[in-house]
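Asks: predicted coordinates and the sequence they were generated for:
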Amino acid sequence: MYSENGQPCAQGAGRIGGKQEGMGLGLCRSSIELETFRIDLAVDAATNTHRTALPDLNKHFEAPPYSQAVEVGGSVELRCHPPLGVPPPTVYWLKNSAPLETDTNLIVSSEGHLLVGQARLEDTANYTCVAENVAAHRLSEAARLVVYVNGGWSAWSAWSECSPSCGHGMKKRSRLCVNPAPLDGGLTCQGPSVQRSDCTSECPGKLHAKSSLKQLPYMGNP
C-alpha cells in the first residue's frame, strides 16, 4: 500500500504526489516490514521506479573511545560515537571482551557513552564499544582504562638512639610510602622519608664522675 502523508496515493489522471500530472514528479512512500527491520520505499509515481533505503552500517566509528587514566575514586567518561547506519545502531560495551555488567557506578548513557562515577581498582580493564543493527555489528578498538593510586606516607617511626652514644650526635626517624603504595602509575610520595636531628648523650665516664661526687660526704671547712 503506497501513501502520501498517510493518505492513499492518487491513481491515473489528476493530482499525483500533490502536483498536477505533467507539471512535476510526485513521490509516494511505503513501509515494508522485512523480518525484524523496516525498509523505506520511495516510489516515483510518474516513472513507477523505486528507491530503497536498505539496512546498512558504516565500517568506521564516527569517534571511537580512547584510553584514559583516572585516580581511584575519580570519575571518567569513555565516549563512543558509533558508525552511521540505517536503522541507527544500538550501542553496548564489552569489558575485557565480555559483555559489560552495568551498575550504579558503571552507566551507559542514552548517547552510548560509558560513565564511571567513582573509579575502583576493579574497573581497570579494556573496554570496547559495540554498535549493532540488523545489517551488521562493529567493534571499536579496545580502550584501556587504568585506575591508579597515588602514594601516601605512613606515620613516622620513633626516634632512634643518639649516635654516637657519647657527646654530640644525631638521631633519626623514618616513614614509608605505603599508605597506600603507588599503583599503576600513581604518584610517589612527596617529601623526605627520613628526618634527622641533633642530639647529645652523656659520656659514661662523666656520668660515673658525677655519680661519685654526689656520694662523697660533706667534710666541712678544715
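Replies: Structure received.
Asks: lowest-confidence helix or strand of the protein?
Replies: strand 15-16 (a mean of 36; mean pLDDT, DSSP states H and E).
Asks: got phi/psi on C199?
Replies: phi -150, psi 170 (degrees, to the nearest 10).
Asks: check V147 too.
Replies: phi -100, psi 110.
Asks: how about L183?
Replies: Note on L183: backbone dihedrals following degrees, to the nearest 10 are phi -140, psi 140.
Asks: for the nearest residue to S109 once chain neighbours are set aside, give its distance to S140.
Replies: Among residues not flanking S109 along the chain, L115 sits closest, at 5.9 Å (Cβ to Cβ, 6 or more residues apart in numbering). The C-beta positions use only the backbone N, C-alpha and C, and glycine is treated the same way. According to Cβ to Cβ, to the nearest Å, L115 and S140 sit 17 Å apart.
Asks: looking at those two, which is more packed in?
Replies: Set L115 next to S140 and count neighbours by other Cβ atoms under 10 Å: S140 wins out with 24 against 15.
Asks: which helices and strands sit right next to the one helix or strand R196 maps to?
Replies: Element membership for R196 (DSSP states H and E) is strand 194-201. Identification of packing neighbours for strand 194-201 by 3 or more Cβ pairs under 8 Å, 6 or more residues apart in numbering; DSSP states H and E yields strand 167-174.
Asks: now the angle from the strand it packs on to strand 194-201?
Replies: 150 degrees (axes from the mean of the first three to the mean of the last three Cα atoms, to 10 degrees).
Asks: what helices and strands are in contact with strand 167-174?
Replies: Applying 3+ Cβ pairs under 8 Å, 6+ apart, one finds that strand 167-174 makes contact with strand 194-201.
Asks: quick one: strands adjacent to the strand it packs on?
Replies: Neighbouring strands of strand 194-201 in its sheet, by DSSP bridges, are strand 167-174 (antiparallel).
Asks: mind listing the helices in this structure by residue range?
Replies: Using DSSP state H, the helices found in the chain span residues 204-215.
Asks: which residues of the protein score low on pLDDT?
Replies: Applying pLDDT under 70 to the chain flags residues 1-52, 205-222.
Asks: show me it divided up by domain.
Replies: In terms of domains, the chain is parsed into 3-54, 68-148, 167-214 (source: automatic domain parsing).
Asks: shouldn't R196 be in contact with K171?
Replies: Yes. Using Cβ atoms under 8 Å, R196 makes contact with K171 at a distance of 7.2 Å.
Asks: which of those two has more neighbours?
Replies: K171 (16 against 13).
Asks: distance of that one relative to G185?
Replies: 36 Å.
Asks: please apply the same query to G85.
Replies: G85 is 37 Å from G185, by Cβ to Cβ.
Asks: out of the two, which sits in the busier spot?
Replies: G85 (19 against 10).
Asks: skipping its backbone neighbours, what lies nearest the more buried one in space?
Replies: Nearest non-adjacent residue to G85, counting by Cβ to Cβ, 6+ apart: L57, 3.7 Å away.
Asks: so that neighbour touches P87, yeah?
Replies: No. Contact criterion Cβ under 8 Å: L57 and P87 do not qualify, at 9.2 Å.
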